[in-house]
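Novice: just coords:
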């Protein structure tokens, strides 16, 4: 086969282009830190990477949800703790009221304490986390409980639960309506039909004010025990939710770490490997240049001069 | 017998032959870098003059070429041009999918859903509402940008296709002219080598543009065929025209397809840059656009459907989240932009802490929403229980007059349950309903009775089309019977014992909302399949282009080896002809000396 200078030049150019393209590709890989940036770089891996990216974004969002939820549940827990303490105090005062040898001064004291406790409970019922009144059901922007001048309790909230997602279609309830905690009964419109704790408090306050103790005073004591149990149950439910939210946080962060690992292995350049490859590509390119240079040095034209 | 004078003739011919040889070498050397130049070579033969010697004769100057290789090179160039163009175009389209760099649509979608999640945590927060509205704006504008990009690509491609068609027409015109020149030169007995080189060059250019085949005629002209239609025949040239044909009446130019015509016959363009452009224009872009449209439309309807039933902080309701109908005009409702308090996060009025709607919208991310069909809110299903103690057999259907125009409420019996229940689907103000008055009524024993629009029932419970007892006012006169799946105007529901009191109550209050059937894919799956589709197509085009390029390189190299000018060879030829010229000149001197010797005798 004949060989012409042009055919050598042509092939040399083609080969140099090819080497240079490979050098370009590797350089891009190293400078961007990514093996794939467009879907055609590797369609199946790119699509997988896209899925993982979304998975991470989603899981980060659930973590964010849980951060807020855990904070809210912790604050709920401390409020419930205080409510529990108050109910225990009510029980103690009730026991003293049962004592027939109680003095007038002691009765007075008991009344004072009871009305303080009532105010205290209303205050706790209006516990706010951030901008939210946490015991008002889904009515979170206005005070949940109001104590009127004549000692009436008004509930402004409702009995709705608030659910927040901790995973795909897995949600966690983040609130306990105030009516549940105080064993109150309210219609959905917030009209109270049973005063719960406050009802018992009112009964005790009447006794402390010198009213006749009701004949079934033991029943009142039992009721207070029941109220206390309700609060304890609410605490148990709440701390169980806290536990769920925290373990969700942990598993979400574990999931993120593992997905990020997979994503990195798909997308990120192994710099050491890429550099080694780049070096050998550059070497090959350099060699091609040298060879082309040599093969064009002389032709018959030069010899014949 | 030779004489000295004829020897001078031999010498003269030798001189001119060697000089021509030198010219050919010079011509070859000059054209060493001319594209598509095939080196020329003189065919030299001994001259014949009866029994005597006649020196040398140049019979022919030929171009050295391998026609098979040339043809294969042209075909492969056509294929390469197609894949290269398609690959370039798909690469441009791919830039809409820069999702892995975090700037694409999937990021915007993800951010959008996440912002609704944030609202589920703090539904009463105004700043979170503002963020959600803004995320909606970003998502909408990204969709619009994508649409604008696709439209721009369409316009680009249309312009480019027309440019290519113009180029093709220019080339074929030149080929026609060269054909004419070649025929007239070669008729006179010479070879039109250089005109052929020029023509080959034009054909090489044409190979980049379109698929074609050639045949050479005896007179030296070539005929150029595209898909069995002749573009060039001798000096006659048929021009190509491109036109857009909308896919259906009133179809947009985006989904129109490109037709290439040669004297009103459609030409099938399968290779060359033109084929690549048309494929990108007519196949890939519309596929993408259709998918993006489906995605946008589903997004709009699904989010709006939920958002409408939500309540804002100011208790506003029934607001759309997105306005616009599809990808080209999707925006966030301007009322929400000016007042994010109106965002329908809550599921009930007066409850700012209720996150029910936000939660449902956030859950659209993982639900199968693409491909869901919408049941419009002009209908609802109603389960009617008889107060009159119907038996299944008694339920005849829906009564109404045969004049169905202007009916305000239509009904269709969906299901006839146990003894006393019938499920009726009601339509409000049906405007496009067609009504077929032929009803199949399946009886309890499984047999089917085909009924006309008037149905009667006798005491034995058989369905009849003739009133068995016209004087009996209990007869179900004027009754239109419907079976499951049939439609009719609802006025009354009849049983054998008479009008149902339940159905005589006004059933025309419609409170239900749009409902959706379950779809087939989530938003992200749908987007991912589109992403992977475009990636695969682009990669395939790139690979085909690379493979064909290798072939074209080999063929080009082979052609160069056969037809290319070798400077070494031509230098050697130069010396060879120069020396031969010198020798011939010397021969003349020898003959001349001999002649003078003869003269001086």
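Specialist: Received, thanks. The structure presented is a predicted model; accordingly, all values stated were derived computationally and were not measured.
Novice: give me the phi and psi angles of residue 268.
Specialist: Since you didn't name a chain, this refers to chain A. Main-chain dihedrals, residue A:268, degrees, to the nearest 10: phi -90, psi 140.
Novice: meant chain B actually
Specialist: With angles defined as degrees, to the nearest 10, residue B:268 sits at phi -90, psi 110.
Novice: tally of neighbours for it?
Specialist: Per other C-beta atoms under 10 Å in any protein chain shown, the neighbour tally for residue B:268 reads 11. Bear in mind the C-beta positions are built from the backbone N, C-alpha and C, glycine included.
Novice: just say helix, strand or coil for residue B:241.
Specialist: Three-state call for residue B:241 (DSSP: H, G, I helix; E, B strand; the rest coil): strand.
Novice: that one contacts residue B:260, correct?
Specialist: Yes. With contacts counted by C-beta atoms under 8 Å, residue B:241 reaches residue B:260, the gap being 7.3 Å.
Novice: the more surrounded of these two?
Specialist: Neighbours were counted for residue B:241 and for residue B:260 using other C-beta under 10 Å; residue B:260 has more, 23 against 14.
Novice: related to what we said a few turns ago, shared neighbours of residue B:241 and residue B:260, anything?
Specialist: residue B:165 (C-beta atoms under 8 Å, 6 or more residues apart in numbering or on different chains).
Novice: got the residue ranges for the helices in the stretch 201-305 of chain A?
Specialist: Using DSSP state H, counting those that start in this stretch, the helices assigned to the stretch 201-305 of chain A run over residues A:217-267, A:271-295, A:300-304.
Novice: and the last one, what does it pack against?
Specialist: The reference is to helix A:300-304. Packing partners of helix A:300-304 (3 or more C-beta pairs under 8 Å, 6 or more residues apart in numbering or on different chains; DSSP states H and E): helix B:567-599.
Novice: how about the helix it packs on: buried residues?
Specialist: B:567-571, B:573-574, B:577, B:580-581, B:584, B:587-588, B:591 (16 or more other C-beta atoms under 10 Å in any protein chain shown).
Novice: and for stretch A:142-151?
Specialist: Buried residues in stretch A:142-151, counted by 16+ other C-beta under 10 Å: A:144, A:145, A:147.
Novice: equivalent analysis for stretch B:25-44, please.
Specialist: Going by neighbour count (16+ other C-beta under 10 Å), the buried part of stretch B:25-44 is B:25, B:27-29, B:31-32, B:36-42.
Novice: intersect the residues you listed with the contacts of chain A.
Specialist: Subset of these in contact with chain A: residue B:32, counting by C-beta under 8 Å from any C-beta of the partner chain.
Novice: would you turn the buried residues of stretch B:25-44 into a markdown table with distance to residue B:353?
Specialist: Listed next are the buried residues of stretch B:25-44 as a markdown table, based on distance: C-beta to C-beta, whole Å:
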| residue | distance to residue B:353 |
| --- | --- |
| B:25 | 97 |
| B:27 | 93 |
| B:28 | 92 |
| B:29 | 92 |
| B:31 | 87 |
| B:32 | 86 |
| B:36 | 80 |
| B:37 | 84 |
| B:38 | 86 |
| B:39 | 89 |
| B:40 | 93 |
| B:41 | 95 |
| B:42 | 100 |
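Novice: from the buried residues of stretch B:25-44, pick the one nearest residue B:82.
Specialist: residue B:36 (20.9 Å; C-beta to C-beta).
Novice: pLDDT wise, what is the closest one at?
Specialist: Looking at residue B:36, its pLDDT stands at 86.
Novice: again with residue B:283
Specialist: Residue B:283 is given a pLDDT of 89.
Novice: which SS class is residue B:341?
Specialist: State at residue B:341, reduced to three classes by three-state DSSP: helix.
Novice: how about the nearest residue to it, chain neighbours excluded?
Specialist: With sequence-adjacent residues excluded and distances taken as C-beta to C-beta, 6 or more residues apart in numbering or on different chains, residue B:341 is closest to residue B:313, at 4.2 Å.
Novice: right, and the one you found touches residue B:125 too?
Specialist: No. Using C-beta under 8 Å, residue B:313 is not in contact with residue B:125; the gap is 9.7 Å.
Novice: so which elements touch the longest helix belonging to chain A?
Specialist: Counting residues, the longest helix found in chain A (DSSP state H) is helix A:43-98. Where contact means 3+ C-beta pairs under 8 Å, 6+ apart, helix A:43-98 is packed against helix A:104-125, strand A:128-129, strand A:163-167, helix A:197-208, helix A:217-267, helix B:105-121, helix B:523-563.
Novice: neighbours around residue 124, how many?
Specialist: Picked chain A for this. Burial of residue A:124 is recorded as 21 neighbouring residues (other C-beta under 10 Å).
Novice: my bad, the chain I had in mind was chain B
Specialist: For residue B:124, the tally of surrounding residues (other C-beta under 10 Å) stands at 23.
Novice: doesn't it belong to a strand?
Specialist: No. Read with three-state DSSP, residue B:124 is coil and lies in no strand.
Novice: so how far is residue B:344 from the residue of the stretch 101-250 of chain A found nearest chain B?
Specialist: For the stretch 101-250 of chain A, the residue closest to chain B is residue A:140, as judged by C-beta to the nearest C-beta, at 2.9 Å. The spacing between residue A:140 and residue B:344, counted by C-beta to C-beta, to the nearest Å, is 17 Å.
Novice: for residue B:222, give the beta-bridge partners.
Specialist: Following DSSP bridges, residue B:222 is listed with bridge partners residue B:216.
Novice: tell me if I'm right that it and residue B:212 touch.
Specialist: No. Counting by C-beta under 8 Å, residue B:222 does not reach residue B:212; the two are 10.3 Å apart.
Novice: which ones are touching the residue most central in space within chain A?
Specialist: Nearest to the mean C-alpha position of chain A, by C-alpha atoms, centre = their mean, lies residue A:66 at 1.7 Å. Counting by C-beta under 8 Å, 6+ apart, residue A:66 touches A:166, A:245, A:246, A:248, A:249, A:252.
Novice: highest neighbour count among those residues?
Specialist: residue A:245 (23 neighbours).
Novice: pLDDT wise, what is that residue at?
Specialist: 94.
Novice: cool, and the one 5 residues further on?
Specialist: The predicted structure scores residue A:250 at 94 on the pLDDT scale.
Novice: same question, residue B:380
Specialist: pLDDT, residue B:380: 48.
Novice: just to revisit the earlier point, need the contacts of residue A:66 in TSV (columns: distance to residue B:192).
Specialist: Formatted as TSV, the contacts of residue A:66 follow (distance: C-beta to C-beta, whole Å):
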residue	distance to residue B:192
A:166	84
A:245	89
A:246	90
A:248	85
A:249	85
A:252	80
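Novice: in terms of neighbours, single out the busier of residue A:140 and residue B:344.
Specialist: Higher neighbour count among residue A:140 and residue B:344: residue A:140, with 27 against 24, using other C-beta under 10 Å.
Novice: I figured the more buried one hits residue A:127, correct?
Specialist: No. Checked against C-beta under 8 Å, the pair residue A:140 and residue A:127 is beyond contact range at 11.3 Å.
Novice: now do the same contact list for the residue of the stretch 501-601 of chain B found nearest chain A.
Specialist: Residue of the stretch 501-601 of chain B nearest chain A, by C-beta to the nearest C-beta: residue B:535 (2.7 Å). Residues near residue B:535 by C-beta under 8 Å, 6+ apart: A:38, A:39, A:40, A:41, A:42, A:43, A:46, A:47, B:94, B:97.
Novice: for the fifth one, grab phi and psi.
Specialist: Which is residue A:42. Backbone torsions of residue A:42, given as degrees, to the nearest 10, read phi -170, psi 90.
Novice: before I go, just wanted to say thanks for your time.
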